[in-house]
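Undergrad: only geometry, no sequence info:
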């Protein structure tokens, strides 16, 4: 895994370099898709770092009300974003009472992923289609870059043939990266700060879910109604043929 050191950013990685038999190189391609947290964390220098990586598109998985700078975020001139396509493609509708009743207690865990695509498949499908239509390099992000981004990353990597163990390790890296962050976004409730040992213990029954998601990515795509063309486009974004 390649950690991205964009100024002001945390928990950001290039999804290249992960093992897959589908790529002629044996690994996923670098510089195509990155994952991270809310983009408002980036400084102006960080946006320049992202451009140097090749940033062309941003797919924001958050609900509309979560988008935008808050107290303590950096003021970024509009010209910094010139030429970068920013698309809001939320994975969920938090105004849906059934979704919130079922998922609120587990939104910081992959336990909610299957409920997401069961209750709101159209949103997860829309996210995948937005990524497939984007110009690589594409940054996929939510708020923490851990839960919604973790779900989408697991599906993307599974579709690209990445070994489930590597997908689980990628998810674990995000959980560890955010474990000491007390506040994910301005105005949100404080997060529980956990030690590495506590994180590892918490993940004992979570990583098998991530592993299973990657292993069953094609089956999940069937449930979501992802077209063959979209699957192929997503795979081409991550592998060398």
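TA: Here it is on my side, so go on. What you see is a predicted model, and the numbers here were worked out from it, not measured in a lab.
Undergrad: and the contacts of stretch 104-119?
TA: For stretch 104-119, the surrounding residues in contact (Cβ atoms under 8 Å, 6 or more residues apart in numbering) are 91-92, 96, 98-99, 102-103, 123-124, 146-147, 150-151, 154, 171, 206, 209-210, 213, 220, 223-224. (C-beta placed from N, C-alpha, C; glycine too.)
Undergrad: weed out the non-buried ones from those residues.
TA: Buried members of those, scored by 16 or more other Cβ atoms under 10 Å, are 91-92, 99, 103, 123-124, 146-147, 150-151, 154, 171, 206, 209-210, 213, 220, 224.
Undergrad: let me see the ranges of the helices in the protein.
TA: For the chain, applying DSSP state H gives helices covering 44-53, 97-103, 113-119, 121-133, 148-159, 164-178, 196-202, 207-215, 217-224, 228-238.
Undergrad: contacting residues for residue 101?
TA: By Cβ under 8 Å, 6+ apart, no residues touch residue 101.
Undergrad: got the contact list for the residue nearest the centre of the chain?
TA: Nearest to the mean C-alpha position of the chain, by Cα atoms, centre = their mean, lies residue 149 at 2.1 Å. When contacts are counted by Cβ under 8 Å, 6+ apart, residue 149 touches 35-37, 61, 140-142, 174.
Undergrad: could you check how far it is from residue 51?
TA: To residue 51, residue 149 is 21 Å away according to Cβ to Cβ, to the nearest Å.
Undergrad: now stretch 148-163: mean pLDDT?
TA: Stretch 148-163 carries an average pLDDT of 98.
Undergrad: how far does it sit from its chain's centre?
TA: In terms of Cα atoms, centre = their mean, to the nearest Å, the centre of stretch 148-163 is set 9 Å apart from its chain centre.
Undergrad: cool, and stretch 174-183?
TA: 15 Å.
Undergrad: run through who's touching that stretch.
TA: Counting by Cβ under 8 Å, 6+ apart, stretch 174-183 makes contact with 10-11, 13, 35, 37, 144-146, 149-150, 184, 190-191, 193-196, 198-199, 202-203, 206, all of which sit outside it.
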